[in-house]
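> Please work out how this folds:
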Amino acid sequence: MNRIRIIKDRIAEGFTWLSSGISALVLIAIFVFIFKRGWSTLNWDLLKNNYNSENLMAGYDHIDWDEHGAFTAPDTLPEDAFFSEKYGVAFVDSINAAKESQMEVVFLDPESPLQDGKITTAGPRQGEKFGMEEGLFLKKISYINLEGEKKSAGLTATQGKTSEELVSVLDNDSQEVVDFYAQTEGGGLKGSIITTLLLIGLTLIIALPIGVFAAIYLHELAPKNKLTAWIRSSIELLSGVPSVIFGLMGMTMLFQVTRLMGITGQSTMLGALTLAVILLPVIIRQTEEALINVPDGYRMASLSMGATQFQTIYKIIIPNAMPGILSATLLSISRIIGESAALIFTMGTAIMDNPAWNSRGTSLAVHIWTVMSGEQPNFELASAISIVILIIVLILNVSVKYITYRMTRDKDDQKKNNKKAKATAET
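This is a model prediction of the structure:
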């Protein structure tokens, strides 16, 4: 009998190690894939830049192009750059985060006439002094050729689609530049990062008080009857509902709530309300577990000293259950960052560079869905966004663990001081 039991234990132990090993390998494979595909794309410009580029067109008037002589390329010019000796400007071909070809201005001589333009695009900046400058991405440049005809070159023109071809056209076939069309650098994650942080804040403000107080009521105040058991069963059932169903609920039911705030469409607030409903089961269950772990002796001691039940809850039980409540908060934040299905309905998929609580926007998870839902999925950018999400979650994990550690250490120090004081009083 003992031999059979030993064999069964060894088999169970082997399955345990095998399952753990498979889980570890899967996690390692995911991390390797994400960092291999996305690390080269991730940079500071990606984090701080707007997603939408600003389109600018500038023209040149009253410029004597003949008074400028030939320019000399600087020694610090990148090896893959092509320099125009006639206009003192250098271009580099590259691919942006969205896998689109671009032609970047990497150098402009301080004496180049290309810096003396004016914006011709209709809008508040029309007429403002603006010339070609480093960091712009050239789309098209119009010029007068040697025969006096107006031609154009660049990515959106019929000729000069590469930096080398463009420089050749400017130096050999042009006598002056008429105007140019360029864009500022886009494709950044700034708007999505701000939207994600805003969404986290709004959701926690709504869900945490409701979830924590509901858990306190169910565990500390509610009578142990069929109604309480039915409420707990409903909470468990709610946690198994697919998030896409909550998204439809948000668009039909919670939208009426946001309309009272003057919001007439999809918004971050609508997404926060929907996520608050999704997170309530998680917060309630985790908070209840934290309350269960508080020893009953604390309750009895407080009540025996004459404290009321509410004083016991808010002065004794909640402070001791705070590490568990912080864990519930951390799980909620992780769910908020990773949620996408419900937010597609309630917040939309339009990437906004200047998000607000009462307007549309995309979280980082929805941003991933956006770049992967096209005809050519962008695995590199999606992986880079995934790395950003992992970094945010890591920072939040470390912060919560540190706060929990400090709270636990302070309690231990207080207990030690009380014991020392008690020992001193007895002596």
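
> Could I get the full set of helices for the stretch 151-300 of the chain?
All helices of the stretch 151-300 of the chain, identified by DSSP state H, counting those that start in this stretch, fall at 163-173, 190-216, 226-238, 243-249, 255-259, 268-292, 296-304.

> name the element residue 332 belongs to?
helix 318-338 (DSSP states H and E).

> meant to ask about residue 31, not that
Assigned by DSSP H and E, residue 31 falls in helix 2-38.

> Tell me the helix or strand right after that helix.
As assigned by DSSP H and E, the chain's next helix or strand after helix 2-38 is helix 44-48.

> In terms of secondary structure, what does that following helix contact?
helix 190-216 (3 or more Cβ pairs under 8 Å, 6 or more residues apart in numbering; DSSP states H and E). In short, each C-beta sits where N, CA and C put it, glycine included.

> Tell me which other helices or strands the helix it packs on touches.
Using 3+ Cβ pairs under 8 Å, 6+ apart as the test, helix 190-216 ends up in contact with helix 44-48, helix 268-292, helix 318-338, helix 364-372, helix 379-426.

> want to throw those into TSV with mean pLDDT and mean neighbour count?
Compiled in TSV, the helices and strands packed on helix 190-216 are given as follows (pLDDT from 0 to 100; neighbours: other Cβ atoms under 10 Å):
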stretch	mean pLDDT	mean neighbour count
helix 44-48	85	13
helix 268-292	92	24
helix 318-338	87	19
helix 364-372	90	21
helix 379-426	78	14
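
> about what we covered before: please list the residues outside the helix holding residue 332 that contact it.
Applying Cβ atoms under 8 Å, 6 or more residues apart in numbering, the contact partners of helix 318-338 are 196, 199-200, 203-204, 207-208, 211-212, 216, 275, 278-279, 282-283, 286-287, 289-291, 293-294, 298, 363-365, 389, 392-393, 396-397, 400, 403-404, 407-408, 411.

> Need the winner for burial among the helices of the stretch 151-300 of the chain.
Stretch with highest mean neighbour count among the helices of the stretch 151-300 of the chain: helix 268-292 (a mean of 24; mean count of other Cβ atoms under 10 Å).

> Using the record's domain definitions, break the chain down for me.
Structural domains annotated on the chain: 55-183, 190-419, as defined by automatic domain parsing.

> how far is stretch 6-16 from where the chain is centred?
From the chain centre to the centre of stretch 6-16 is a distance of 44 Å (Cα atoms, centre = their mean, to the nearest Å).

> residue contacts, residue 144?
Counting by Cβ under 8 Å, 6+ apart, residue 144 has contacts 150-151, 174-176, 178.

> what's the distance between the nearest residue to residue 367 once chain neighbours are set aside and residue 198?
Excluding its sequence neighbours, the residue lying closest to residue 367 (Cβ to Cβ, 6 or more residues apart in numbering) is residue 192, at 4.4 Å. For residue 192, the distance to residue 198 equals 11 Å [Cβ to Cβ, to the nearest Å].

> tell me, what's touching these two both at once?
Each of residue 361 lies in contact with both residue 192 and residue 198 under the rule Cβ under 8 Å, 6+ apart.

> With neighbour count, pLDDT and distance to residue 11 as new columns, can the contacts of residue 144 be given to me in CSV?
Output for the contacts of residue 144, formatted as CSV (neighbours: other Cβ atoms under 10 Å; pLDDT from 0 to 100; distance: Cβ to Cβ, whole Å):
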residue, neighbour count, pLDDT, distance to residue 11
150, 10, 91, 83
151, 18, 91, 79
174, 21, 91, 80
175, 13, 89, 86
176, 14, 90, 85
178, 15, 91, 81
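
> ok, of those, which one's closest to residue 309?
Closest approach between those and residue 309, by Cβ to Cβ: residue 178, at 81.9 Å.

> Isn't the closest one up against residue 149?
No. Residue 178 is beyond contact range of residue 149, at 11.1 Å (criterion: Cβ atoms under 8 Å).

> Partner strands of the helix or strand hosting residue 83 and their direction?
Secondary structure assignment for residue 83, by DSSP H and E: strand 82-84. In the sheet, strand 82-84 lines up against strand 89-95 (antiparallel) (DSSP bridges).

> That concludes my questions; thank you for your assistance.
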